[in-house]
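J.: any chance you could fold what I've pasted below:
(chains A and B)
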Amino acid sequence: MLPDTVHKLPREERFAYARLLAFMARIDNELTVDEMAMFEQRLGTALLSPSQRESIRDALKNPPSLEECLEDLSGEAGRLALRDAVMMAAADGTVDEDEREALEDISEHLGLQENAVEQLLNWTVKGYRWMKEGYELLDSFEE
Amino acid sequence: MFPDGLIHRSPQERVRYAEILVFIAAADGELVREEIAMIEAMMGRAMIHPESRITVRGGFEQPIPLEQSLADLDPVFAQLVLRDAALVAAVDGDYDRKELTALRKIAKAADVTPKQLSLLLDWVTKGWHWFEEASVFLAK
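T.: Just a heads-up that it's a prediction; the model follows:
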């Protein structure tokens, strides 16, 4: 991942951030390899302690409710969690209705602009394009 | 960064990938928190086994020599490594001389010319700008 600020958050906020991502990962009761890779990546960025990682793995098996996740989430940790929740939701190529609804609920809880989720989805699409450009660049090296 | 073909590579290749990233991160001296977070993210994205991650972390203190990790590396895989090594090298804001030397060595193993490496570094810069956009509109 590119230079990020998740690792700069206080420890408890990083935990709350990761917990929300665990919720998002299990929202449709399916966990694709791409979603798992994205989840693992974000977990790595959060630099959690071994015991926190253990709790997050438990949360992946028995996901908390969205309300429980949001209780501990506000400010910068919340905004970063929403950003990464959008990326995770889009990791398998589509954002289904349940995912979209949860993203809007998170945004509302954080008091963000009405179109924040839409903006983040557009931003994610741009990111995918950037990644694709990277592949195309590598492919062009072989020609 | 989004998931990609890396997860379909063999466990041994993915560990070698991570070892090279550690070398790059450590090239300009002691690893800082940003670099460790980036390495952990890359290991997560590559879905490296937790026990293998412990082995890779051992390299934080004493990285495996680059030449050793690059030996017999499939050039196509080396290109993926080069791409992510460039991202890791850029994480602290600039490319240090030692980082650039290491990137050139990886580029050579990947059959990538200096001009092509330069294009790849431009692509990294573009990604930085993209990533920063989210912080800007989320701060509003």
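J.: could you list the buried residues of the longest helix along chain B?
T.: Using DSSP state H, we find that the single longest helix of chain B is helix B:114-138. Using 16 or more other CB atoms under 10 Å in any protein chain shown as the test for burial, helix B:114-138 gives B:116, B:117, B:120, B:121, B:123, B:124, B:127, B:130, B:131, B:134, B:137, B:138. To be clear about C-beta, it is placed using only N, CA and C from the backbone, and glycine gets the same treatment.
J.: residue 64: what secondary structure?
T.: Using chain A. coil (DSSP: H, G, I helix; E, B strand; the rest coil).
J.: meant chain B actually
T.: coil.
J.: quick one: residues contacting the residue nearest to the spatial centre of chain B.
T.: For chain B, the residue nearest the mean C-alpha position is residue B:85 (2.5 Å; CA atoms, centre = their mean). Going by CB atoms under 8 Å, 6 or more residues apart in numbering or on different chains, residue B:85 touches B:20, B:21, B:24, B:102, B:103, B:106.
J.: do I have it right that residue B:41 meets residue A:39?
T.: No - counting by CB atoms under 8 Å, residue B:41 does not reach residue A:39; the two are 11.3 Å apart.
J.: restricted to helices, list the contacts of residue B:85.
T.: B:20, B:21, B:24, B:102, B:103, B:106.
J.: top of these by neighbour count?
T.: Neighbour counts for the ones in helices among the contacts of residue B:85 (other CB atoms under 10 Å in any protein chain shown) peak at residue B:24, which has 30 neighbours.
J.: what's around residue A:29, how many residues?
T.: Count around residue A:29 with other CB under 10 Å applied: 7.
J.: what do you get for the one 5 residues further on?
T.: When neighbours are counted by other CB under 10 Å, residue A:34 registers 17.
J.: now the closest residue in space to residue A:72 that isn't next to it in sequence: which helix or strand?
T.: Nearest residue to residue A:72, sequence neighbours excluded (CB to CB, 6 or more residues apart in numbering or on different chains): residue A:16, at 3.9 Å. Assigned by DSSP states H and E, residue A:16 belongs to helix A:11-25.
J.: which single one of the contacts of residue B:85 is nearest to residue A:61?
T.: residue B:21 (29.6 Å; CB to CB).
J.: gap between residue A:92 and chain B?
T.: Residue A:92 is 9 Å from chain B, where distance means CB to the nearest CB, to the nearest Å.
J.: what number of residues lie near that residue?
T.: 18.
J.: what sits closest to it if chain neighbours are left out?
T.: Going by CB to CB, 6+ apart, residue A:92 has residue A:32 as its nearest residue, at 4.6 Å.
J.: return the set of buried residues in the longest helix along chain A.
T.: If each helix of chain A is counted by residues according to DSSP H, the longest one is helix A:116-142. Buried residues in helix A:116-142, defined by neighbour count with 16+ other CB under 10 Å: A:116-117, A:119-121, A:123-124, A:127, A:130-131, A:134, A:137-138, A:141.
J.: please list which of those residues also come close to chain B.
T.: A:116, A:119, A:120, A:123, A:127, A:130, A:131, A:134, A:137, A:138, A:141 (CB under 8 Å from any CB of the partner chain).
J.: render the CA-only coordinates of stretch A:79-94 in PDB, please.
T.: Only the C-alpha atoms of stretch A:79-94 are listed here, as PDB (Å, rounded to 0.1, in the frame of the first residue of the first chain):
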ATOM      1  CA  ARG A  79     -12.600   8.000   8.000                       C
ATOM      2  CA  LEU A  80      -9.700   5.600   7.200                       C
ATOM      3  CA  ALA A  81     -11.900   2.600   8.100                       C
ATOM      4  CA  LEU A  82     -14.600   3.900   5.700                       C
ATOM      5  CA  ARG A  83     -12.000   4.400   2.900                       C
ATOM      6  CA  ASP A  84     -10.600   0.900   3.400                       C
ATOM      7  CA  ALA A  85     -14.100  -0.600   3.800                       C
ATOM      8  CA  VAL A  86     -14.900   0.800   0.400                       C
ATOM      9  CA  MET A  87     -11.800  -0.700  -1.100                       C
ATOM     10  CA  MET A  88     -12.600  -4.100   0.500                       C
ATOM     11  CA  ALA A  89     -16.200  -4.100  -0.600                       C
ATOM     12  CA  ALA A  90     -15.000  -3.400  -4.200                       C
ATOM     13  CA  ALA A  91     -12.200  -6.000  -4.000                       C
ATOM     14  CA  ASP A  92     -14.300  -8.700  -5.700                       C
ATOM     15  CA  GLY A  93     -15.400  -6.300  -8.500                       C
ATOM     16  CA  THR A  94     -18.900  -5.500  -7.200                       C
END
